[in-house]
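K.L.:
The sequence and its predicted three-dimensional model are supplied below.
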Amino acid sequence: MKKSISLLLAFGLILSVTVLFAGDFKAEQPFLITAAGQSPEGMMVKILSQKAGLKFQYDKLAQPDMLKANKTLILVSGGSTKGLGAANIDKDQEMKRVKSLIDTAKKAKMKIVTMHLGGKKRRGSLSDEFNQVAAENADYLVVLKDGDEDGFFKKIADGKKIPLKYIDKILNAKDVLISIFGAEK
């Protein structure tokens, strides 16, 4: 019984430290928003960033040279066969583009924020290939809670010591963006 209580207290302490640390994460504007898998949630991040009055650039097919004009990269992860088709690219081309953005951002010592806002519908074999690459390379993770019922993102965050912020609704991402970037100057 004592061991169970000790484990529960230790888990609670770790969780509270993770949440506290996640709230302290800061990054600079302007930032580049792009899809990692061509899901439509990138457009939602664009709209929420506009409503928050933040300085950013949005391009669902952003290329590494676009990072030069920005200080932070936001990857909105989740695969969509419809999105890939509309962009006229296949999974391998998209993965190459995403990895190239990540490599360029890391070389420039740019912070990477990965947002998974598609919930359960942006999980599965196609999505999780993009989710894994984007999450493993993030400096900060924002995840719609129902998209992590199996602990996929939590396991990555814990293993790589990446702060993780769960949100209940996509609209809550606006407050997270303001917390990360502050208000427009």
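P.N.:
All right, it came through fine.
K.L.:
How about the contacts made by L126?
P.N.:
L126 sits next to G37, G79, S80, T81, K91 when contact means C-beta atoms under 8 Å, 6 or more residues apart in numbering. Using the backbone N, CA and C atoms, a C-beta is placed for each residue, glycine as well.
K.L.:
any idea which of those residues has the most stuff around it?
P.N.:
Greatest neighbour count in the contacts of L126, by other C-beta atoms under 10 Å, goes to G37: 30 neighbours.
K.L.:
from what I can see it touches D90, true?
P.N.:
No - using C-beta atoms under 8 Å, G37 is not in contact with D90; the gap is 11.8 Å.
K.L.:
tell me, what's touching those two both at once?
P.N.:
Common contacts of G37 and D90 (C-beta under 8 Å, 6+ apart): L84.
K.L.:
so which of the contacts of L126 comes closest to K111?
P.N.:
G37 (20.4 Å; C-beta to C-beta).
K.L.:
For the closest one, give its distance to G124.
P.N.:
Distance of G37 to G124, given as C-beta to C-beta, to the nearest Å: 11 Å.
K.L.:
cool, K51 as well?
P.N.:
Relative to G124, and taking C-beta to C-beta, K51 is found at 30 Å.
K.L.:
List the pairing partners of the host helix or strand of Y166 within its sheet, with orientation.
P.N.:
Element membership for Y166 (DSSP states H and E) is strand 164-167. Note on strand 164-167: by DSSP bridges, its sheet partners are strand 140-144 (parallel).
K.L.:
chain center to the helix or strand where L126 lies: distance?
P.N.:
Per DSSP H and E, L126 falls inside helix 125-136. Its chain's average C-alpha position is 11 Å from that of helix 125-136, according to C-alpha atoms, centre = their mean, to the nearest Å.
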